[in-house]
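Participant: Sequence first, then the predicted structure, then my questions.
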Amino acid sequence: MISSLLQPMSRDDFFARHFQREPLARPESARGAVRLLTWATVERLVAAQPDTLTVRNGKLRDTNPSTFAEALTLFRDGWSIVMRRCERHDPDLRRLADAVEQELEGEVAIQIYLTPGGFHSFGWHYDVEDVFIVQTGGRKEYLLRRNTVNPEPTLAAMPRDMQYERETTPTMATTLLPGDWLYVPRGWWHVAHALEDSLSISIGVLSPAAR
């Protein structure tokens, strides 16, 4: 799985230069994964009622959609729909998680992001997991910054206030199109702005060190 995404970079180069060190964006090498998240997939997932967050420009909504029609209405009103642990509800996403687990040490969880054009879901934040993001629909711009405030976060000590205002590192940017993917190392600051209606798969890997 990882090797196919990296082409033409070798797996060894990725682990030496990027894994848990530096972000990496690659064009087109995730084209085979585009079929894993379509609006038909979303409809099936909403019916399965996974753990869901509804968020618009950093603000969480108190309630979440219970039907596909309600999810579409909220989406058209600027709300992002974030569905977590989707590998528990979709066999193709389960196979994707299993493939990643065969190559990387740690627990794999798959999140789905539906982000309307002109909006973002969460604001600047970092994750305790290493994250592989596969774009399956629309265009999305990602901004990233190295984390000097808490560069090696752990699950047991994740702060409620991440203190983004203390960060001083420069910002880098990349735009993903369908079939592109981005690796965000554990601890790196990031925020994503949908340039048009966007569908993306986020594959989080919680390493033993991060746990």
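Facilitator: That came in fine, so what should we check first? Just so we're clear, the structure is a prediction, and the values are computed from it rather than from any experiment.
Participant: Next, count neighbours for the closest residue to residue 27 other than its chain neighbours.
Facilitator: Among residues not flanking residue 27 along the chain, residue 180 sits closest, at 5.0 Å (Cβ to Cβ, 6 or more residues apart in numbering). Quick note: C-beta positions are derived from backbone N, CA and C, even for glycine. With neighbours defined by other Cβ atoms under 10 Å, the count for residue 180 comes to 23.
Participant: if I read this right, residue 88 contacts residue 108, doesn't it?
Facilitator: No: counting by Cβ atoms under 8 Å, residue 88 does not reach residue 108; the two are 11.6 Å apart.
Participant: Of those two, give the one with the bigger neighbour count.
Facilitator: residue 108 (21 against 14).
Participant: wait, what's in contact with the closest residue to residue 163 other than its chain neighbours?
Facilitator: Nearest non-adjacent residue to residue 163, counting by Cβ to Cβ, 6+ apart: residue 149, 5.4 Å away. By Cβ atoms under 8 Å, 6 or more residues apart in numbering, the contact list for residue 149 reads 162-164, 166-167.
Participant: Make sure residue 149 is indeed in a strand.
Facilitator: No: using DSSP: H, G, I helix; E, B strand; the rest coil, the assignment for residue 149 is coil, not a strand.
Participant: What does the pLDDT read for it?
Facilitator: As predicted, residue 149 sits at a pLDDT of 96.
Participant: How about residues contacting the longest helix seen in the chain?
Facilitator: Across the chain, the helix with the greatest residue count (assigned by DSSP state H) is helix 91-103. Contact partners of helix 91-103, identified using Cβ under 8 Å, 6+ apart, comprise 1-3, 33, 36, 86-88, 107-110, 132, 201, 203, 205.
Participant: Distance from the chain centre to that helix, please.
Facilitator: How far helix 91-103 lies from its chain's middle: 15 Å, per Cα atoms, centre = their mean, to the nearest Å.
Participant: before we move on, what about stretch 204-211?
Facilitator: Worked out by Cα atoms, centre = their mean, stretch 204-211 lies 15 Å from the chain centre.
Participant: Equivalent analysis for stretch 112-123, please.
Facilitator: On Cα atoms, centre = their mean, the centre of stretch 112-123 falls 11 Å from the chain's centre.
Participant: Could you shift the numbering so residue one becomes 428, and keep it that way?
Facilitator: Let's use 428 as the start, then, which means that last one is stretch 539-550.
Participant: quick one: low-confidence ranges for this protein?
Facilitator: Applying pLDDT under 70 to the chain picks out no residues at all.
Participant: any idea where the strands of it begin and end?
Facilitator: 451-453, 478-483, 486-487, 507-511, 534-542, 557-564, 567-572, 598-603, 608-611, 616-621, 625-633 (DSSP state E).
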